[in-house]
Every structure is written in structure tokens, then in C-alpha cells.
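[1] below is the sequence, then the predicted model.
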Amino acid sequence: MSAADATPTLLVVDDDVAIVELVQRYFGLHGFRVVAAANGASMRSALASAPIDIVLLDLGLPGEDGLELTRYLRASWSGPVVIVSGRGDTVDRIVGLELGADDYVTKPFDLRELLARVRSVLRRSRERGATRPASAVARFAGYAFDAASRTLVREHDGQAVALTTGEFDLLAAFVARPNQVLSRDDLIGALHGREAGPYDRSIDMQVGRLRRKIEADPADPQLIKSVRGAGYLFAARIERT
């Protein structure tokens, strides 16, 4: 979204025509341009055709399901994703967030709540972009973490470590506060702008995935340490350049 065009564009990916029309009308009344796609192919076409600010993605789609498409979006597109689904199970919610979705809303939903969540995700996305430093490279344990280019590189061979959006933001939260105990609420607030629910273990799953990518021995982590009953601590000496 350019400065000259203050109207955010929402891509709603859902094969339920009634829901698409409902979202189009309601969000249109609240200052959004809404583009619709009924499956993965039309989603990709829409993303290639015009700038999209945020994707509202159903899980129960024909062909590729929403989780496959979430994985695709996180690998090839940098914008925020909100999953909207009739699957309200904790496992589905955790998997969606683990794959990199910025929020997860269950059907049936209240349009006012959905609008508030979409606006909140957009606001956090813009704030991250606006506050991203021009040069902020943090070096630790043989890695170079560049907040500006959103990259993590192994210094001994120059190879980039592939991180999902959620993994990058989690590592950024750790790098910003090394050698401090961060609770699940601290981390979920940093990543998703909300508090952890009583059964919310999405952060634990993301920590596990991040450990597998940066720890020499993920079974005996030396960088991301668990603090029993409190959360996690990033035990790294950081040099900033």
C-alpha cells in the first residue's frame, strides 16, 4: 500500500460465496479494497496481479488446503496472513500459527471482531516495517542476523538459514533481549500482539523448530534454553554492528 493510496487491499481466499460476499460488503464499508479467490491457483494469480496488503485464508479449500497455502505464502510472500476456519481444534490453531500465520479466527465469526483482528495484524506489520533499522546486524554463535534484510546467515560458509516469518520474529525477540527470561506471554505478545491462552503451545512448537535450525544439538540446546515454569532464555553473547 503506497502513501498515496491509503486503501488497504485484502485478499479473501474462500470457496464459500456467501462468506466472500459478506466480507466484501463489510470490509468495503470500512475502507478496504477486497479481492476474492476460491482456490490456490486463483490466490496465486491475484497475488501476481496487484499489490495485496493482507490475506484472509480459509483452511477447507478444494485441492490445496489452507495449511498448504499458508506454507506457500510464508515461503514466497512477505505480507501478513490471517487464517479463518471452521476448524476450531487447538491442534489446527497451533499448526496454522506454527506455519507462520499472523492470527487464527474460527468460524462462525463476528464481523466486528474479524475487522479488528485484521486491522491489528496490519498495524503490527506496518510498525515492524517502519521501525526496521537500516543496519542492525547481530552476530552470535557463528551466525549473522540481519534485521533489515530479515536474513540469518551462517558465517563459516555464508549460507542463509531458511526461516519462516514466525521463526524470524521469534529469533528477533530473543536477539532483542538476550540473557533474559521471556515468558510465553512475552513471546506471543511480540509475535502476535495477544496473550497466550491456557492451552496455547504454539510458541513451544516454534521454539522447537528454531532450535532444529540453529542449535548444534537441538536435544541439548545451548542457545535457546528452557527455564522451568518461566519460559525461555536466549543464552548467547551478541555483537552488534
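    Perfect, I can see it now.

[2] Leu69: which element?
    helix 66-76 (DSSP states H and E).

[3] so what touches whichever helix or strand comes after that helix?
    Counting by DSSP H and E, the next helix or strand C-terminal to helix 66-76 is strand 81-85. Strand 81-85 has contacts (CB atoms under 8 Å, 6 or more residues apart in numbering) with 14, 54-60, 66, 70, 73-74, 92, 96, 100-107, 109, 114, 117-118, 121. For the C-beta atoms, the positions are set from N, CA and C on the backbone; glycine is no exception.

[4] and what of stretch 115-127?
    Outside stretch 115-127, the residues that touch it by CB under 8 Å, 6+ apart are 8, 10, 26-27, 30, 53-54, 56, 79-80, 82, 102-103, 105, 193.

[5] could you give the mean pLDDT of it?
    For stretch 115-127, the mean pLDDT works out to 86.

[6] for that stretch, buried residues please.
    Of the residues in stretch 115-127, 115, 117-118, 120-122, 124-125 count as buried by neighbour count, 16 or more other CB atoms under 10 Å.

[7] for stretch 62-73, same thing?
    66-67, 69-70, 72-73.

[8] ok, stretch 217-225 next?
    Buried-residue list, stretch 217-225, by 16+ other CB under 10 Å: 221, 223-224.

[9] repeat that for stretch 180-191.
    Going by neighbour count (16+ other CB under 10 Å), the buried part of stretch 180-191 is 182, 184, 186-188, 190-191.

[10] flag the shaky bits of this protein, pLDDT-wise.
    Within the chain, the stretches with pLDDT under 70 are 1-5, 88-92, 127-136, 192-201.
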